[in-house]
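Engineer: Need a 3D model of the following:
(chains A and B)
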Amino acid sequence: MRKNWLAAAWAHGFRAKPLVPDAAFQATDEPYPGHWRRFPEPWPSAPAGEPAADARATRRNAAVEAAFAGLPALWRHVVLARYLARGDDQQVAADLGLTVEQVRDILARARAAVRDKLDRARTDGPR
Amino acid sequence: VSAVPDHEQPRTGGLARRLRPLQVGAGLQGFMLWVPVEKLFQTQIGFDAAAIAVMAAAYAAVVPLLEVPSGILADRWSRSGILIISSAAAAASALIGGLSHNVATYIVAALILGANFAMNSGTVDSVVYDTVIEETGSADTYERWIGRVRVVESAAFTTSALAGGLLAGVTSPRLTYFLTIPFVLASIIAFSRFREPRLHRAAEPLALRRHVATTVHAMTRIPSVRRVLVLAALTALLSQAVFEFGPLWLVALHAPAAAFGPYWALLVATLGAGSYLATRLHLGRRSTALAVAAVLVGSPILLATSHAVVAVAAAQAVLQLTLAVTGIYAGRLLHDAVPSHIRAGVSSGAGTFSWMLFLPFSLGFGALARGHGVYPAGWIIVGTGAALATLLILSTRAAQATPAEAEALKALAATAGDETLGSDPRLLLIVPPDDLACRDFVRLVSDYLDGDLPPGWRASIDDHLNACDGCTSYLEQIRQTVALLEQIDAIQHPAPAKASGTAEQPAAGKGVHP
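Structural biologist: Numbering: from 1, shown residues only, chains lettered A, B, ... in the order given. Below you'll find the model as predicted:
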């Protein structure tokens, strides 16, 4: 039994569960703790109809598809069910056998995850 | 209207089914028949106390070094993959260990086992954590599910200890190594059947270097934190020492091979019993702390003086049980003493600290035991136990931080950007903070968009948005994301009822990341 059981036993109590990694925010020794380390860059918005904007929209739709497909199955179900239920969380919860809190949590996580993927796809850089 | 009562967590059936291969795998990997008779076998192939100590020290030096890269690999590559490699390492270690006829070969086997533990530690935890989030949306039930894995694991430890001791008694210690291999290989099959969570938990919230810096800061500036950390590290050190060197007493007393099984099973069982007992005992109470401190000194004295196998085994079991209780108490003190954002860093800092202490402890114990036998060396355990007991009494007396310390802690928490909202924003929606941090806004943005927040909070968030371009961008992006996600449905995807959850789109994400 050469296991550091104590460290293992402690590890679980101390997990954070952030939607956005804490590394995105300033910490202890920085001027504005808890605030963005770097502001999210605004996404460009050009009027529809322009060729550049159309191409961008196509790319973005593909990215949404991909990001959505990358979500856990249950999360995809919640996102879709919420659209069908027209935003009624109670209805979604009842349909999928979840609590309303779970629906809210999953929705928040799914949105944050897809936004993150879109942001990365936009800058086109593997991070 | 939902048919499910609010207080119940639904969908546990799906989660239970999904986690089963992981439980089975963890159980099979924990079924190590050779562990209870390891010291007996080592003595047979030429180890003395000093050689065992050198092996333990090498091990203590290698494991913390391996933990970091294996953690990174688990996050970047595949957690099931890491678990499979760790099983392969366990199998290789058992094979090489079983074939060993000298000290050097066996140390190689021990170091390979170190790779197994380094890869295993934390990986199962994070896999369970992510799976629970995927299946339920939050980590609320995480404790319960990881608890089930631990129960299976400790059942495997206990039964394999009994079986291994029996087997070694009937046949030979060497055979227990070879018979372990099929179980470990079977765990590979179990792990490969586990459907891995798709989310990768954002590695470590803070960079490692920053963690270390904050931990060191907390340790050096705040006496109450320092005390708790030393308490924790000494507890882990002593526990490690009993597991590593305790069996040498049985070897010295010429206990039969069959006795090692029940002895080891008892020792392993104290870990589970300790966590149960910790919920019943209030170590913060002076009288309880004094009683525990007395056991921490008394049981090592019995160990260092008694020459009866049963008394020695009982002394070790009682000591181990008390250490388990103390360790959990120390964890709780640590939890209360440091802000949440540096807790993970501080607790792993304590783990590393205990390995570092173990190194000289092990070498010192080994040198003394080689020259004079385990009994004189046992007084090192008595001394460490006495130090731990003193520290325990001191920390219960100082459970309340002094005003100066409380001030320092408050400052630390503030500068660490501690979660002003606690772990669940919904629980603390009573009063909105005067000054909302961007980190808080990000957690509330979904509820804000859906109009799910009380009026006071809306106003507070609006104030923040007026002043913060970063959060305004983020809000706009989430808004666009919601709009895009709503369009996705009609075109491409069937209704959720038909999607049935198992049909995963194959590698659709590949086009996005070149």
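
Engineer: Spit out the contact partners of the nearest residue to residue B:167 once chain neighbours are set aside.
Structural biologist: Counting by CB to CB, 6 or more residues apart in numbering or on different chains, residue B:176 is the residue found nearest to residue B:167 once chain neighbours are left out, at 5.4 Å. No exception for glycine: its C-beta is placed from N, CA and C like everyone else's. Residue B:176 is in contact with B:33, B:34, B:37, B:41, B:164, B:167, B:168, counting by CB atoms under 8 Å, 6 or more residues apart in numbering or on different chains.

Engineer: before we move on, what about residue B:472?
Structural biologist: Residue B:472 neighbours (CB under 8 Å, 6+ apart): residue B:465.

Engineer: next one: the one 4 residues further on
Structural biologist: Residue B:476 is in contact with A:42, A:43, counting by CB under 8 Å, 6+ apart.

Engineer: so which helix or strand takes in it?
Structural biologist: helix B:469-492 (DSSP states H and E).

Engineer: And the helices in chain A?
Structural biologist: Ranges of helices within chain A are A:5-11, A:51-69, A:73-84, A:89-96, A:100-123, based on DSSP state H.

Engineer: Show the low-confidence segments of chain A, by residue range.
Structural biologist: A:1-19, A:21-23, A:28-29, A:46-50, A:123-127 (pLDDT under 70).

Engineer: Would you map the strands across chain B?
Structural biologist: Remark: strands of chain B are absent; assignment by DSSP state E.

Engineer: returning to that earlier point: for the residue nearest to residue B:167, give its distance to chain A.
Structural biologist: 15 Å (CB to the nearest CB, to the nearest Å).

Engineer: Just the pLDDT for that residue.
Structural biologist: pLDDT, residue B:176: 96.

Engineer: you'd agree residue B:324 is up against residue B:276?
Structural biologist: No: if you go by CB atoms under 8 Å, residue B:324 and residue B:276 don't touch, sitting 9.4 Å apart.

Engineer: Among the two, which residue is more densely surrounded?
Structural biologist: Shown here are residue B:324 and residue B:276; by other CB atoms under 10 Å in any protein chain shown, residue B:324 has more neighbours (24 against 11).

Engineer: Which residue, neighbours along the chain excluded, lies closest to that one?
Structural biologist: residue B:274 (2.3 Å).

Engineer: what's the burial count for residue A:90?
Structural biologist: 12.

Engineer: That one against residue A:101, yeah?
Structural biologist: No: checked against CB under 8 Å, the pair residue A:90 and residue A:101 is beyond contact range at 11.5 Å.

Engineer: measure stretch B:164-178 end to end?
Structural biologist: 11 Å (CA to CA, to the nearest Å).

Engineer: go on, stretch B:96-103?
Structural biologist: 12 Å.

Engineer: Show me what counts as buried in that stretch.
Structural biologist: For stretch B:96-103, a neighbour-count test (16 or more other CB atoms under 10 Å in any protein chain shown) marks B:96, B:97, B:98, B:100, B:103 as buried.

Engineer: which ones are touching residue B:191?
Structural biologist: B:21, B:22, B:25, B:80, B:83, B:84, B:87.

Engineer: Using a markdown table, please lay out those together with pLDDT and distance to chain A.
Structural biologist: Listed next are these as a markdown table, based on pLDDT from 0 to 100; distance: CB to the nearest CB, whole Å:
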| residue | pLDDT | distance to chain A |
| --- | --- | --- |
| B:21 | 95 | 17 |
| B:22 | 94 | 15 |
| B:25 | 95 | 17 |
| B:80 | 88 | 16 |
| B:83 | 92 | 15 |
| B:84 | 94 | 19 |
| B:87 | 95 | 15 |
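
Engineer: so where's chain B uncertain?
Structural biologist: For chain B, the ranges with pLDDT under 70 are B:1-12, B:67-68, B:71-72, B:74-76, B:121-122, B:199-215, B:335, B:338-349, B:397-435, B:489-514.

Engineer: Return the distance of stretch B:42-60 from the chain's centre.
Structural biologist: Remark: stretch B:42-60 is offset 26 Å from the chain centroid, using CA atoms, centre = their mean, to the nearest Å.

Engineer: Wondering if it reaches chain A at all.
Structural biologist: Yes: applying CB under 8 Å from any CB of the partner chain, one finds stretch B:42-60 in contact with chain A at B:56, B:59.

Engineer: ok, and what's touching that stretch?
Structural biologist: A:2, B:39, B:100-103, B:106-107, B:110-111, B:113-114, B:173, B:240, B:244-245, B:248, B:251, B:355-356, B:358-359, B:362-363, B:365-367, B:369-370, B:374, B:377.

Engineer: and stretch B:294-314, how far apart are its ends?
Structural biologist: Stretch B:294-314: ends 16 Å apart by CA to CA.

Engineer: if you look at it, does any of it touch chain A?
Structural biologist: No: using CB under 8 Å from any CB, stretch B:294-314 stays clear of chain A, with a minimum separation of 15.1 Å.

Engineer: buried set for that stretch?
Structural biologist: Under 16+ other CB under 10 Å, the buried positions of stretch B:294-314 are B:295-304, B:306, B:309, B:312-314.

Engineer: same deal with stretch B:360-372?
Structural biologist: Those would be B:361, B:362, B:363, B:365, B:366, B:368, B:369, B:370, for stretch B:360-372 by 16+ other CB under 10 Å.

Engineer: Surely the second one and residue B:244 touch.
Structural biologist: Yes: counting by CB under 8 Å, residue B:362 touches residue B:244, with 7.0 Å between them.

Engineer: With adjacent residues omitted, what lies nearest to residue B:452?
Structural biologist: Per CB to CB, 6+ apart, closest to residue B:452 is residue A:104, 7.0 Å.

Engineer: neighbours of that neighbour, just the number please.
Structural biologist: Residues near residue A:104, counting by other CB under 10 Å: 22.

Engineer: Surely it touches residue A:90?
Structural biologist: No: the pair residue A:104 / residue A:90 is not scored as a contact, 11.0 Å apart, by CB under 8 Å.

Engineer: now residue B:20: how far from residue B:142?
Structural biologist: 17 Å (CB to CB, to the nearest Å).

Engineer: For residue 106, which residues are in contact?
Structural biologist: Going with chain A. A:74, A:75, A:78, A:98, B:137.

Engineer: actually it's chain B I care about, not the one you picked
Structural biologist: B:42, B:45, B:47, B:55, B:96, B:97, B:100.
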